[in-house]
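Q: coords please:
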Amino acid sequence: MAEQYQSVDEYLQTLQQQLKDNPQDGVAHYNLGCVLIGKGEYEKAEQELKTAIQLTPDLAEAYVQLGGLALRNGDLMTCLSFNKKATELRPRFAVPHGNIGFVQMQLGKVDEAVAALRRALSFDPKFVQARSTLGSAYLMQGDIDGCIEQCRQVITEQPTFGPAYNNLCLAYIQLQDYDQAIENCDLAIKYGYEMPDDILQELQPYRK
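A: Have a look, this model is predicted:
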């Protein structure tokens, strides 16, 4: 794996040599695709990942990566399709279930999102992105306590996860607990989350 190499470029050269020796190595095409994503060469990465699934059709991870590239291009339906294919190949693979939940949230299908995110967490309870998104979904459903519970659990696992503090801020605004809302807003910003201006303005009168 990449950790064995001094640099990404060295790993890239090794993969290219592997494929020169054996062009039918689907896993090597997948690994090369992942390296190219890391280098920002998205079109080349997509080509490698598609070659990987042609050669190794059960490579669920490649479908997940292709879904990520589709999402990057704003193509929610293609992202959804790739991740659904990944879950068919590996039903207990948490990541595509989490991605499906995220996409369903973007599509406004909150109930479907909740179901997918719960599945993801049943397979990987420490999947903080999925748990934070589930908190957002609960908030959209009006389940403020459920949102707070999920996001507190995220912070227990990963204390610097900004989106969870954002969700908590929004939840406490709905509860009109502005001290807690401000505290969580400031923590979200501290850990790199860009809070919307309208939220910052809403909280400003309550700052002491």
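
Q: in the chain, what helix or strand scores lowest on average pLDDT?
A: helix 8-21 (a mean of 90; mean pLDDT, DSSP states H and E).

Q: who does the helix or strand where Cys34 lies touch, helix- and strand-wise?
A: Following DSSP states H and E, the helix or strand that holds Cys34 is helix 26-38. Contact here means 3 or more C-beta pairs under 8 Å, 6 or more residues apart in numbering; DSSP states H and E; on that basis helix 26-38 packs against helix 8-21, helix 42-55, helix 60-72. All C-beta spots, glycine's among them, are computed from the backbone N, C-alpha and C.

Q: give me the contact list for stretch 63-79.
A: 30, 33-34, 37, 42, 45-46, 49-50, 53, 80-83, 85-86, 89, 93, 95-96, 99, 103, 106-107 (C-beta atoms under 8 Å, 6 or more residues apart in numbering).

Q: those, buried ones only, as a PyMOL selection?
A: The following PyMOL line selects those of these that are buried, judged by 16 or more other C-beta atoms under 10 Å:
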select buried, resi 30+33+34+37+45+46+49+53+80+81+82+83+85+86+89+93+95+96+99+103
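
Q: now this protein, which segments are flagged as low pLDDT?
A: Scanning the chain for pLDDT under 70 picks out 1-5.

Q: and the residue lying closest to Gly26 once chain neighbours are set aside, its phi and psi?
A: Take Gly26 and drop its neighbours on the chain: the residue closest to it by C-beta to C-beta, 6 or more residues apart in numbering is Thr56, 3.0 Å away. Thr56 adopts backbone torsions of phi -130, psi 80, taken as degrees, to the nearest 10.

Q: in this structure Thr56 contacts Tyr30, no?
A: Yes: look at Thr56 against Tyr30 with C-beta atoms under 8 Å: they come within range, at 7.3 Å.

Q: overlap of the contact sets of the two?
A: With C-beta under 8 Å, 6+ apart as the test, Thr56 and Tyr30 both reach Ala62.

Q: what segments of this structure are helices?
A: Under the criterion DSSP state H, the chain contains helices at 8-21, 26-38, 42-55, 60-72, 76-89, 94-106, 110-123, 128-141, 144-157, 162-174, 178-190, 197-203.

Q: what packs against the shortest one?
A: Counting by 3+ C-beta pairs under 8 Å, 6+ apart, the packing neighbours recorded for helix 197-203 are helix 162-174, helix 178-190.
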